[in-house]
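K.L.:
just a sequence and a predicted model for now, questions to come.
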Amino acid sequence: MTSPSGAITTPVLTDADTQDAVLFLGGLVRMRARAADTGGTFALLEHSGERGYMSPLHLHESDEETFLVLDGTLRVEVGDEVRSVGAGGLALLPRGLAHGFVVTSPTARFLTLHTPGGGFDAFVADIGVPFTGGRPSDPGPGPGPDPAELTRLAAAHGIQIVGPPLQP
């Protein structure tokens, strides 16, 4: 029998109580698997937000981003393409290609898979406000980073913000 190879060398078993959750750009992000859990292989995040939860137009320098919509509908813009992606839909976005999303349904819940991990999940952890309960749509303390600060922090994690937030 051969030994499995790869960066994941020990099992990771968590539950909702042991996973970090943060308020991030107007939505709630639950860190289901961080890069530290997977030896940098990937990061898996669960997002939930109300209509208008969105990202600025951005690109990842070193990771692919995959969206899997669990509930609701997103408008995803990537390159010159604009698509509505509903429950069960998937968007696989290559590194280096500008993209963004906006929730167009009353609410949405979706997963993002980042391969390899370590850039986006660290960025979310750095700028997110720890979620301690209450309504996920509550803004939390303060308005969040201004656009110039957001751009600077994103760049430190290999993410280039190349345009404004998408409009609902």
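P.N.:
Nice, I can see it.
K.L.:
quick one: the strands in this protein?
P.N.:
21-24, 27-33, 43-50, 56-60, 64-71, 73-78, 81-86, 90-93, 99-103, 107-115, 129-130, 159-165 (DSSP state E).
K.L.:
what's the closest of those strands to residue 7?
P.N.:
Proximity to residue 7, assessed across the strands of the chain by C-beta to C-beta, is greatest for strand 107-115 (11.4 Å). Quick note: C-beta positions are derived from backbone N, CA and C, even for glycine.
K.L.:
check which helices and strands the closest one sits against.
P.N.:
Judged by 3 or more C-beta pairs under 8 Å, 6 or more residues apart in numbering; DSSP states H and E, strand 107-115 is in contact with strand 43-50, strand 64-71, strand 73-78, helix 120-127.
K.L.:
so what does the first one touch, helix or strand wise?
P.N.:
What that stands for is strand 43-50. strand 27-33, strand 107-115, helix 120-127.
K.L.:
next, format the ones you listed as TSV and append mean neighbour count, mean pLDDT and distance to residue 12.
P.N.:
Below are those laid out as TSV (neighbours: other C-beta atoms under 10 Å; pLDDT from 0 to 100; distance: least, C-beta to C-beta, whole Å):
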stretch	mean neighbour count	mean pLDDT	distance to residue 12
strand 27-33	21	95	7
strand 107-115	20	98	15
helix 120-127	20	95	14
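K.L.:
mind checking which of those is nearest residue 15?
P.N.:
Of all these, strand 27-33 sits nearest to residue 15, with 10.5 Å by C-beta to C-beta.
K.L.:
and the angle from the closest one to helix 120-127?
P.N.:
Orientation of strand 27-33 against helix 120-127 (axes from the mean of the first three to the mean of the last three C-alpha atoms, to 10 degrees) gives an angle of 130 degrees.
K.L.:
parallel or antiparallel, list what pairs with strand 27-33.
P.N.:
With DSSP bridges as the test, strand 27-33 is paired with strand 21-24 (antiparallel), strand 43-50 (antiparallel).
K.L.:
of the ones you listed, flag the one that's most buried.
P.N.:
Among these, ranked by average contacts under mean count of other C-beta atoms under 10 Å, first place goes to strand 43-50 (a mean of 22).
K.L.:
ok so, going back, make a markdown table out of the helices and strands packed on strand 43-50 and add distance to residue 98.
P.N.:
What follows is the helices and strands packed on strand 43-50, written out as a markdown table (distance: least, C-beta to C-beta, whole Å):
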| stretch | distance to residue 98 |
| --- | --- |
| strand 27-33 | 20 |
| strand 107-115 | 16 |
| helix 120-127 | 15 |
